[in-house]
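S.K.: let me see the structure of the following:
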Amino acid sequence: MAMRLWGVARWAGLVVTGFLLAGLVWSPELSLDVLWNILIPLVPASLLISPAIWRNVCPLATLNILSNRSSGNIFSDRSSGRRLGLTLLPGAELIGIALLLVLVPARRFLFNEDGLALAITVATVALLALVLGAVFQFKAGFCNAICPVLPVERLYGQHPLLQLSDSRCVPCQRCTMRGCLDLGPAQSIPAVVGRSWGSSRWLLSPYGAFAAAFPGFVVGYSTLNDGPLAMAGDVYMNVALWMAVSYLGVVLVTVVLRASAGLMINLLAAVAFGLYYWFAAEAITNAFDIAGIPTLMIRVTAGLLVLYWLARAVPRTPISQSAMSA
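M.R.: Model prediction:
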């Protein structure tokens, strides 16, 4: 029964995406408002509750797997020839982080107001998901590699409040050689960071640096106003400066307190989540103005949710680096 419901939800997601793309072209103002102020703000909360919620219904993942299943004539089987090996996987993960860092700030000078540009970008990423699904095994080429949402999925989805599985992966195809979020949310980040997880050197790994800078990324984006394309340089500079402040602050705290990677990653997820909803609350309130939802209610609800998540997450991780090595 659950498999059928997820299947219905996936097809509904594709239909909604199709209507949304059409709306971005023909009715951009309404479509942009629905996307940015109603649909997208639901995603971080769903990831905190369980990343499987989004990963079960993501329309890009649906396209990625559809092309994989319909392209069996390209390769004779699901052998190593279609897997994304360990030599390519680190580079693919970097591409995913880079796409996130480029595309999200672009909202301020392009995507928040230009529906056509956003529609073309989404269609391009969807085409990329289709192509990579035809080339690589199952979700290896897109969902578990270069998807720009994956870095955030890993950060918020470490300790799900609900234990759900990705129904797409039954049975598991073993398509990803490390860090699969579907196989083990709590093990995904340590697997990506690698051997430096047990020391402060995790901050020098690509994902560790991203996680440490991510709260600053949220602040850097949220403290800007929308403007013309000419302000693109200023947008990226502001975001980069806040990311640098965030990263250096995390380095200082980690070194001085000898805090473990697990503790810091949990705290970074909680801080970034709280900051996101603190800043997004006003836009969400405006979008749901008819319902009369106050900004404070959204902030308090998000705060209570992340505090509950953190209370469950912290006891599962060592507090200090010495505890990790013991």
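S.K.: show me where pLDDT drops low in the protein?
M.R.: For the chain, the stretches flagged by pLDDT under 70 are 1, 69-81, 288-292, 316, 320-326.
S.K.: could you rerun that using 50?
M.R.: 71-81, 326 (pLDDT under 50).
S.K.: and the helices in the stretch 151-300 of the chain?
M.R.: 185-193, 206-222, 232-257, 261-287, 295-313 (DSSP state H, counting those that start in this stretch).
S.K.: out of these, which comes closest to Glu29?
M.R.: helix 261-287 (12.6 Å; C-beta to C-beta). All C-beta atoms are positioned from the backbone trio N, CA, C, and that covers glycine.
S.K.: surely Ala212 touches Val245?
M.R.: No - applying C-beta atoms under 8 Å, one finds Ala212 not in contact with Val245, separated by 10.7 Å.
S.K.: can you say which of the helices of the stretch 151-300 of the chain is packed in most?
M.R.: A comparison of the helices of the stretch 151-300 of the chain by mean neighbour count, using mean count of other C-beta atoms under 10 Å, puts helix 206-222 on top with a mean of 23.
S.K.: could you dump it to CSV, C-alpha only?
M.R.: Provided in CSV are the C-alpha atoms of helix 206-222 (Å, rounded to 0.1, in the frame of the first residue of the first chain):
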residue,chain,number,x,y,z
PRO,A,206,35.1,19.8,0.7
TYR,A,207,31.9,18.7,2.5
GLY,A,208,33.3,19.8,5.9
ALA,A,209,34.1,23.2,4.6
PHE,A,210,30.6,23.5,3.0
ALA,A,211,28.9,22.5,6.3
ALA,A,212,31.0,25.0,8.3
ALA,A,213,30.2,27.8,5.9
PHE,A,214,26.5,26.9,5.3
PRO,A,215,25.0,29.0,8.2
GLY,A,216,26.8,32.0,6.7
PHE,A,217,25.5,31.1,3.3
VAL,A,218,21.9,31.2,4.7
VAL,A,219,22.6,34.6,6.3
GLY,A,220,24.4,36.0,3.3
TYR,A,221,21.5,35.2,1.0
SER,A,222,18.8,36.2,3.4
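S.K.: tell me the helices and strands packed up against it.
M.R.: Other elements packing on helix 206-222 under the criterion 3 or more C-beta pairs under 8 Å, 6 or more residues apart in numbering; DSSP states H and E are helix 89-103, helix 150-156, helix 185-193, helix 232-257, helix 261-287.
S.K.: may I have the third one as CSV, with CA atoms only?
M.R.: So that's helix 185-193. C-alpha atoms of helix 185-193 as CSV (Å, rounded to 0.1, in the frame of the first residue of the first chain):
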residue,chain,number,x,y,z
PRO,A,185,21.6,8.9,6.9
ALA,A,186,23.9,9.1,10.0
GLN,A,187,26.8,7.5,8.1
SER,A,188,26.4,9.6,4.9
ILE,A,189,28.5,12.6,6.0
PRO,A,190,31.3,10.7,7.7
ALA,A,191,31.6,8.5,4.6
VAL,A,192,31.9,11.6,2.4
VAL,A,193,34.4,13.4,4.7
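S.K.: going forward, begin numbering at 25 instead of 1
M.R.: All set: I'll call the first residue 25, so the last point we hit is now helix 209-217.
S.K.: hang on, the earlier thing: could you dump the helices of the stretch 175-324 of the chain to a markdown table with distance to Leu188?
M.R.: Output for the helices of the stretch 175-324 of the chain, formatted as a markdown table (distance: least, C-beta to C-beta, whole Å):
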| stretch | distance to Leu188 |
| --- | --- |
| helix 209-217 | 10 |
| helix 230-246 | 23 |
| helix 256-281 | 30 |
| helix 285-311 | 18 |
| helix 319-337 | 15 |
